[in-house]
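Visitor: here's a sequence, model it:
(one chain, ligands or ions: 1)
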Amino acid sequence: MVRENRLAASDLIWPLFITEGNSHSEPIDSLPGVSRWSVDLIVERAREAVDLGIPCLALFPNTQAYRRSADAAEALNPDNLMCRAIRVVKDALGDKIGILTDVALDPYTSHGQDGLIDDHGYVENDRTLDMLTKQALNQANAGADIIAPSDMMDGRVAAIRDTLELASHHNVQIMAYSAKYASAFYGPFRDAVGSSGALKGDKKTYQMDPANGDEAMREIAMDIAEGADSVMVKPGLAYLDIIFRAKQRFDVPVYAYQVSGEYALVKTGAAAGVGDHDALMMEKLVAFKRAGCSGILTYFAADAAKLLQQ
Ligand code: PBG
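Guide: Alright, predicted model coming up:
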């Protein structure tokens, strides 16, 4: 009766990995319980989400190695894996499910960076912006409902908003990965999209220093000024203070991404007898609500929604 915060299936956004093939799925070793799905099976997952009351999917492609290149040209292919998955899910389910798409070049670059690099491997902000706007437009044309730039280039939210408006995609939203940290918790995700082997160096020239909090507020303020409809803090649990500060300060919906490493730690911890799996999962998820989140991107989405149904 006096409980202040409640987790609901409607709070959850379910990240799903896509792979080529038909009726094909591949478990991801570093992400227990998570698989890559071929497009036809993504539709099944989407139906499952609808049945569970999950409002939105976040799609990530595992691009075939031969389609990756230094210039990430595959990101702009209207028939790439991502666009095919968006179209098939939208054809099957329409507005019953939302689709959020990641804008960043890492699933398409041979070097695994989120942007285009110069001769020294430095990620070039402004040259990358042009690619990101075209990538976002490609996703919106395929039917994406929410564009989520996760690349951390400066100025990308404004550039993407302008591009969407000019193409009459007035109703496509932008959820900005505004406070995205250069985190050690992304490892299993990079395995899932197949970029970990390729990645040289780190992403510290564009992702944030885990020691910084004020900078996150500046990043969020910029993205809102540029036209973001909602903002994200990523990773989640180690950054609850950033979520809390963002919610106190800005009147936009704030989302958390409980990232791959956070998820895997619960799975492996529970398997090692640290605690009860479901209890660990639910305690972590409700913490995001308490901190002020409007919703959570989590690999636990289906598991948690099932538990909530019972
Ligand atoms: C792409 C991207 C990453 C994640 C989401 N989008 C990886 C990265 O920045 O290296 C990580 C998500 C997760 O770990 O679950 N830029």
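Visitor: tell me the confidence at the one residue in the stretch 101-250 of the chain that gets nearest to the ligand?
Guide: Relative to the ligand, the nearest point of the stretch 101-250 of the chain is residue 189 (3.1 Å; C-beta to the nearest ligand atom). Any C-beta I mention is one placed from the backbone N, CA and C, and that applies to glycine too. If you check residue 189, the pLDDT there is 93.
Visitor: wait, is it part of a helix?
Guide: Yes: counting by DSSP: H, G, I helix; E, B strand; the rest coil, one finds residue 189 located in a helix.
Visitor: pretty sure it contacts residue 262?
Guide: No: assessed by C-beta atoms under 8 Å, residue 189 is found out of contact with residue 262, at 10.6 Å.
Visitor: list, one by one, the residues from the stretch 151-300 of the chain near the ligand.
Guide: 186, 189-190, 203, 259-260 (C-beta under 6 Å from any ligand atom).
Visitor: list the contacts for the closest residue to the residue of the stretch 101-250 of the chain closest to the ligand other than its chain neighbours?
Guide: Nearest residue to residue 189 in three dimensions, chain neighbours excluded: residue 260, at 3.9 Å (C-beta to C-beta, 6 or more residues apart in numbering). Listed by C-beta atoms under 8 Å, 6 or more residues apart in numbering, the contact set of residue 260 reads 30-31, 185-189, 192, 299.
Visitor: what about residue 260, distance to residue 269?
Guide: 14 Å (C-beta to C-beta, to the nearest Å).
Visitor: tell me the SS of residue 288?
Guide: Taking three-state DSSP, the label given to residue 288 is helix.
Visitor: and the strands in the chain?
Guide: All strands of the chain, identified by DSSP state E, fall at 12-19, 25-27, 35-38, 56-61, 98-103, 146-149, 173-180, 230-234, 254-258, 295-298.
Visitor: need those strands in a markdown table (columns: mean neighbour count and mean pLDDT).
Guide: Converted to a markdown table, these look like this (neighbours: other C-beta atoms under 10 Å; pLDDT from 0 to 100):
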| stretch | mean neighbour count | mean pLDDT |
| --- | --- | --- |
| strand 12-19 | 24 | 98 |
| strand 25-27 | 13 | 97 |
| strand 35-38 | 20 | 98 |
| strand 56-61 | 23 | 98 |
| strand 98-103 | 24 | 98 |
| strand 146-149 | 25 | 98 |
| strand 173-180 | 26 | 97 |
| strand 230-234 | 26 | 98 |
| strand 254-258 | 27 | 98 |
| strand 295-298 | 24 | 98 |
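Visitor: out of those strands, which is closest to residue 82?
Guide: Minimum separation from residue 82 across the strands of the chain (C-beta to C-beta) falls at strand 56-61, 4.5 Å.
Visitor: who's in contact with that closest one?
Guide: Here strand 56-61 has contacts from 13-19, 42, 45-46, 49, 80-82, 85-86, 89, 97-102, 107, 145-146, 148, 189, 192-193, 297, using C-beta under 8 Å, 6+ apart.
Visitor: make it 7 Å
Guide: Residues outside strand 56-61 that contact it (C-beta atoms under 7 Å, 6 or more residues apart in numbering) are 13-18, 46, 49, 80-82, 85-86, 97-102, 107, 192-193, 297.
Visitor: next: stretch 30-44.
Guide: Outside stretch 30-44, the residues that reach it (C-beta under 7 Å, 6+ apart) are 16-28, 45, 62, 84-85, 88-89, 92, 187-188, 191-192, 260, 263-264, 267-268, 299.
Visitor: returning to what we had before: how close does the residue of the stretch 101-250 of the chain closest to the ligand get to residue 170?
Guide: Distance from residue 189 to residue 170, by C-beta to C-beta: 31 Å.
Visitor: ditto for residue 263
Guide: 35 Å.
Visitor: higher neighbour count, residue 189 and residue 262?
Guide: residue 189 (25 against 22; other C-beta atoms under 10 Å).
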